[in-house]
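Visitor: Sequence and predicted model, in that order:
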Amino acid sequence: MSEQYIGVFDSGIGGLTVFKSIMETMPSENLLYFGDTAHVPYGTKSEKQIRKFVLNDVAFLHRFPLKAIVIACNTADSVAGPLLRETYPDEPIYGVIEPAAAEAVRSTSNKKIGIMATKATVSSGAYDRAILKRDPQAQLISVPCPLLVPLVENGRCEKDDPVVRLVLSEYLEPLIRYGVDTIVLGCTHYPLLKEAIQSLVPEIRLISSSDAAAKVLKEGLASAGGHGIRRYFVSDDKQQFEDNASRFIQDLQGDIEQVSLE
Ligand code: DGL
């Protein structure tokens, strides 16, 4: 059993926030990461494209013995999660939407929850369904934030960066006006902006879909343990990935390989 991997994938670097949470909570698991950097961002693409990318991502992960698959991307989970689970009904497939929705419902006191996510995630309505099924009284406001993924992919995450503050202020404004006490960071790239967001809305609770996902994975794994192996794969330039990744996982502890899925 111990040579099996937990296969984690995202459109790019954002899924590393999930990967990092898994590394911290389950250090001995063998972990494999695939970032589809050739196709990032997913969040501005059509549902058809996103489904195609996601099926390819999972086909790549299937080259390895897996004990679980983690969709470390809200866009992929919201648009293609149901299709994946239907396609591979016998595999343990973990996502980010359900864990983050559950955490948001636990967190809110005034039942007003904001969702920041990509355009595709917001249009899918996946968060609305996941939250309202847990609390039909919840009042939701969703804001598509298309500029945040490019900022993160380009390493612009600092809370003192005027561009970051300007962009975040615009996206946060409707959420503040609505009176939310909880915001779901409904994209795995956004935890990298958590400090910057929190500095603009210190009184609002921020839910990281990445931390929530790792918690649920830990509870759900049928067998625990491995050799703590880490492997990283990307579909475009590995140097750019490495430079960016090291900004938030200081020690990646594993090789990065560039692969072609074509
Ligand atoms: N990190 C991803 C998410 O959680 C997707 C970002 C993108 O590729 O647009 O939605």
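Guide: Arrived safely. Just so it is clear, the model here is predicted, and its values are computed rather than measured. Numbering: from 1, shown residues only.

Visitor: quick one: the strands in the stretch 151-262 of the chain?
Guide: Counting by DSSP state E, counting those that start in this stretch, the stretch 151-262 of the chain has strands at residues 182-186, 205-208, 230-234, 255-258.

Visitor: Let's see the first one as CSV, backbone CA atoms only.
Guide: If I follow you right, that is strand 182-186. The C-alpha coordinates for strand 182-186 follow below in CSV (Å, rounded to 0.1, in the frame of the first residue of the first chain):
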residue,chain,number,x,y,z
THR,A,182,-17.6,35.0,6.2
ILE,A,183,-16.0,34.8,2.8
VAL,A,184,-15.1,31.6,1.0
LEU,A,185,-11.8,31.9,-0.8
GLY,A,186,-13.3,29.7,-3.5
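
Visitor: Pull out the buried positions in it.
Guide: 182-186 (16 or more other Cβ atoms under 10 Å). The C-beta positions use only the backbone N, C-alpha and C, and glycine is treated the same way.

Visitor: nearest to the ligand, of those residues?
Guide: The ligand has its nearest neighbour among those in residue 186, at 7.1 Å by Cβ to the nearest ligand atom.

Visitor: Could you find the closest non-adjacent residue to that closest one?
Guide: residue 117 (3.4 Å; Cβ to Cβ, 6 or more residues apart in numbering).

Visitor: Distance from the chain centre to stretch 12-21, please.
Guide: Offset of stretch 12-21 from its chain centre (Cα atoms, centre = their mean, to the nearest Å): 7 Å.

Visitor: Restricting to C-alpha, output it in CSV.
Guide: The C-alpha coordinates for stretch 12-21 follow below in CSV (Å, rounded to 0.1, in the frame of the first residue of the first chain):
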residue,chain,number,x,y,z
GLY,A,12,-1.4,25.7,-12.2
ILE,A,13,0.3,26.7,-9.0
GLY,A,14,-2.8,27.3,-6.9
GLY,A,15,-3.3,23.7,-6.0
LEU,A,16,0.0,23.8,-4.1
THR,A,17,-2.0,25.5,-1.3
VAL,A,18,-3.9,22.2,-1.0
PHE,A,19,-0.8,20.2,-1.4
LYS,A,20,0.9,22.2,1.3
SER,A,21,-2.0,21.6,3.7
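
Visitor: Great, nothing more from me.
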